Every structure is written in C-alpha cells, then in structure tokens.
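> Test case, fold it:
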Amino acid sequence: MVMDGNAGAPLPGPASTPALCCRQRRTAMGGYELVRSDDAAVTTPDLEFGGSTSSKAEPLPPPRPPSPAARQRLVSLDVFRGITVLLMIIVDDVGGFLPALNHSPWDGVTVGDFVMPFFLFIVGVSLTLAYKRVPDKLEETKKAVLRALRLFCLGLVLQGGFFHGVRSLSFGVDITKIRLMGTLQRIAIAYLVAAICEIWLKGDDDVNYGLDVLKRYRNQLFVGLLLSVMYTVLLYDIYVPDWEYQITGPGSTQKSFFVKCGVRGDTGPGCNAVGMVDRAMLGIDHLYRRPVYARTKECSIDSPENGPLPPDAPSWCQAPFDPEGLLSSVMAIVTCLIGLQFGHVIIHFEKHNERIINWLIPSFSMLAVAFSMDFIGMHMNKPLYTLSYTLATAGASGLLFAAIYTLVDMYGFRKPTISMEWLGKHALMIYVLVACNILPMFVHGFYWKEPKNNLVTEVHWNQSMKR
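Predicted coordinates:
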C-alpha cells in the first residue's frame, strides 16, 4: 500500500547538504533515516531516540542501550510497518477461511480492517521526520507530487486489471474498464495531501507541553477537521436516487439490475453516498467488481464467506463498489494527518516517557470517541471509511506504535523483531511481489509440458484438499 521503500510508498528522495550535521533520507512509508557525522554525534541531541545535550541525560532502560549503528534509525517505524505487511499477507492468504481475519462484509471491524489505516498512519509519522527541515518548499512540493504520481501509476498497473490473476498466463486491460482506484492510489493521495500540509502548514510556536504541539500545527488540525466534517455531511446528507447497472452473464449476455433508493443518510451497501459519488465521478465500469458486501447475509448463503446468492437477494448484491473509492479516500487523508501529529511528538519531545504519554492520551481519547459514535449509530465501517472507523483505527495505531517504540527503541529488544524490521524496510517490494500476486504469477509461468502442471496449481490443490 503506499509505502516508501516499502508498503506502497513513494520512491525515496534522498537529500543531503554539507552545511547540516546530518544527512536525511526520506520516504513516505519506507521510513526515515538519520545518519550523523562524527562531530554531530557529540554535539547534537538524538531527538529520535530520546537523547539530550544535558549532562543528566536519561540513560536507556535495560537490558542495554542500542549500539551506535542502531541509533541511526528509529527502528520502531520499520517494525510497525513490517508487522503491518505481515498482517496484510496473513489476511490475504488466511482470511478466506478465517472470518475473524478477513475484512468485515460491511459494518463492524475485524483484524483485516486495520491493515490500510496502519499503513496510512505510519506514512504520516514518517513524513514528519522526512520534512523536519525544508530548505525549499516549492522544490519539496514538486518532489512530493512526482512521488505520489509514480505511486498512483504503479497502483493502476498492479490493481487496475492489467494482470489477470494467479492462474492466468495472460495480461492486458481494456482501458474503458480499468479500475482507477486501489490501495496504492489511495495511499498516494493521502501521502500527497499530508506532505503538502507538512511542508506548508507548520507554525513557529514554541513547544514545551503536549498542547503546544496542537497549537503549533493547528492549521493541519483544521484541515483534518474540515475534511472530517465535510465527509460526514456528504455521507449523511446527500440524496441518493434510484440507479441501475449491468453485468455480463454466461455467453456474454447482458443482465440489467435496478436498485431502488431515493433516500438520504443511508449507510447500507446499496444506497450510500460513497458509492453514488464514485459511480458519478469515476464511472461504474471503473470500480472494483468483487465488492466486499457480496459476503453479507443478504448476498451469500455462506456468509461471512462468499457463496451462492440467496433466492431473495437484493438487486445491489452484484453491483461494483470500490472499497478504496474516491470519496472515502477523504478520510484516509485524515488518518495520515493523525499520523503526522504522532510524528511531531518525536520531533519536539526528547524523553521517552514524554513521547509515550503524548501518544497514549490521544490514542485512548480517539478510541473512546469512536466507540461512543458507534454506540449511537455512526457505525465503524471500512468500505465507507466512516469517522468512527477512522478514529478507532487511528487510536489502535497509536497504541501499537507506542508499544513497539517502548520495546524496540526504549528497551532495545531488537533481535525478536529483526524479521519485522526487514519486512518494514522492504514493504513496497513485498507488497508488489506477494500481495499483488506478481511472484505467484511469475512462478506460474514455468510449468511442465502443460500450464496446469506448475507449482502454484499444486499449492492451491493441496490447500483445497486440507479444507
């Protein structure tokens, strides 16, 4: 998903200058690297690891402080991203027969529904470190636009329908039916808006306490609040008229379906404002054709798994719907902006306990608000990316990041998480090869005498036998 150096991020954009005491390498999701010169290591506080210039600097807690090489990078960023990559792979491969890991068919949240927000959150955290110093705002904005554009185009190729699936040796897509939005495209949009906010919307107020961070970055918070209010108003106030769609049946026959709506504020699968806006702006032929609500009780006999349609299935059950659509991506931007604020804590607070407190308070607050909203009927819903879902997943992201930071960067537990760290550093590559099935399709291309005699088919056959 947009991972800079990893989970779908924009490509790294190294920048260095002899005048500075450190060299920064920035990426959207790939992480942030701070490499110090010999002199800087002596005279400059290590903001990323709770360092201080005072002679009473707080020592790292046991078992032992990280080595100098380990202090060059905020390892918890990579570990968090690596855990997210692993979770994504598990959801894709195991979620089909373990509903608790699969995406929720509609309302509610499962483990799989945290993957996208986790990626967006860590993009925001990384951006604060990448843009800690911005000598030329226009130049950095241009680079951010180019990175987002490259990521968006990569998403079009990987998720637009160009590749025909693991069991197909063909490729190519009709551009009149290409899927325009997707995971990488959504992250590209959120990354671009968050990067522009971080470059242009920073105040110059002094930061001594947690509330000072909110004051310094009040313009970014205003953008997030404005987007949240705008999206919520559109979701609950737009009038959704009746609509119809067509699908291709056996023998290339066209079947038409009529969906009766004529309502406002409906958050069900068939008559919500998100689907209507996406159909109007993107075109129904450019939406995802395997909607998650096909696993609801109304649409599947085997719910929460895919299955045959019930005899009384609603007409919208087979309609295209994009879970990474255009309108719902507005709230994905908000998740990224929340990640920015958590990253600001790293920049402005040196002590471990200060950072952790300033992460835990907003995390628990967002969770409390999210569950309150869900209780009064504003349900958590990933396909619609509702405000309650945004706050719940952002709060969970903050708690997980604080826990990883405590274990890895505060206490120095590196060995148990080294595999997650590696996954995090190569998140984009792993996403492309594994999550987008590029590696399985490549392996499938080598077969013995007939295409059906290949390793991928053998693995799928063994899995089906075990079930």
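> Could you point out the helix or strand that follows the helix or strand of the chain with the lowest mean pLDDT?
In the chain, no helix or strand scores lower on mean pLDDT, DSSP states H and E than helix 38-43, which sits at a mean of 34. Sequence order places helix 75-94 as the next helix or strand after helix 38-43, per DSSP states H and E.
> Tell me the buried residues in that following helix?
Neighbour-count burial for helix 75-94 flags 75-85, 87-89, 91-92 (criterion: 16 or more other C-beta atoms under 10 Å). Backbone N, C-alpha and C define where each C-beta goes, glycine included.
> Next: stretch 247-265.
Going by 16+ other C-beta under 10 Å, stretch 247-265 has these buried residues: Val259, Cys261.
> ok now it, how far from the chain's centre?
31 Å (C-alpha atoms, centre = their mean, to the nearest Å).
> and the gap between Leu309 and Cys271?
19 Å (C-beta to C-beta, to the nearest Å).
> And these two? Which one has more around it.
More crowded of Leu309 and Cys271, by other C-beta atoms under 10 Å: Cys271, with 21 against 14.
> which residues does that one contact?
Taking C-beta atoms under 8 Å, 6 or more residues apart in numbering, we find Cys271 in contact with Val240, Val259, Cys261, Val263, Trp316.
> End to end on stretch 206-226, go ahead and measure it.
Terminal residues of stretch 206-226 are spaced 25 Å apart (C-alpha to C-alpha, to the nearest Å).
> Return the set of buried residues in that stretch.
Per 16+ other C-beta under 10 Å, stretch 206-226 contains these buried residues: Val207, Gly210, Val213, Leu214, Arg216, Tyr217, Gln220, Leu221, Val223, Gly224.
> Give the rounded mean pLDDT of that stretch.
For stretch 206-226, mean pLDDT rounds to 91.
> Likewise for stretch 438-455?
On average, stretch 438-455 scores 68.
> From here on, call the first residue 46.
Done: numbering now begins at 46, and the last item shifts to stretch 483-500.
> Next, count neighbours for the residue nearest to Met455 when sequence neighbours are not counted.
Sequence neighbours aside, His397 is the residue nearest to Met455 in space, at 4.8 Å (criterion: C-beta to C-beta, 6 or more residues apart in numbering). Other residues near His397 number 18, with proximity taken as other C-beta under 10 Å.
> Next one: His397 relative to Asn498, how far apart?
Relative to Asn498, and taking C-beta to C-beta, His397 is found at 57 Å.
> again, but for Gly200
33 Å.
> what does Gly440 give?
Between Gly440 and Asn498 the computed distance is 50 Å (C-beta to C-beta).
> Neighbour count for the two, which is higher?
Gly440 (23 against 10).
> Quick one: distance of the helix or strand where that one lies to the chain centre.
Taking DSSP H and E as the criterion, Gly440 maps to helix 432-449. In terms of C-alpha atoms, centre = their mean, the gap separating the centre of helix 432-449 from the centre of its chain is 12 Å.
> got the angle between that helix and helix 120-139?
Put simply, helix 432-449 runs at 120 degrees to helix 120-139, going by axes from the mean of the first three to the mean of the last three C-alpha atoms, to 10 degrees.
> Can you tell me the SS state at Ala239?
When classified by DSSP: H, G, I helix; E, B strand; the rest coil, Ala239 comes out as helix.
> Local confidence estimate at it?
At Ala239, pLDDT is 97.
> if we can go back for a sec, of the buried residues of stretch 251-271, just say which sits nearest to Thr221.
Nearest to Thr221 out of the buried residues of stretch 251-271 is Val268 (C-beta to C-beta; 35.3 Å).
> give me the element Ile346 is part of.
Assigned by DSSP H and E, Ile346 belongs to neither a helix nor a strand.
> can you count the residues close to it?
The number of residues packed near Ile346 is 13, by other C-beta under 10 Å.
> That one against Pro355, yeah?
Yes - using C-beta atoms under 8 Å, Ile346 makes contact with Pro355 at a distance of 5.7 Å.
> what bits of the stretch 196-345 of the chain have low per-residue confidence?
For the stretch 196-345 of the chain, the stretches flagged by pLDDT under 70 are 208-216, 295-296.
> among the buried residues of stretch 251-271, which are in helices?
Gly255, Val258, Leu259, Arg261, Gln265, Leu266, Val268, Gly269 (DSSP state H).
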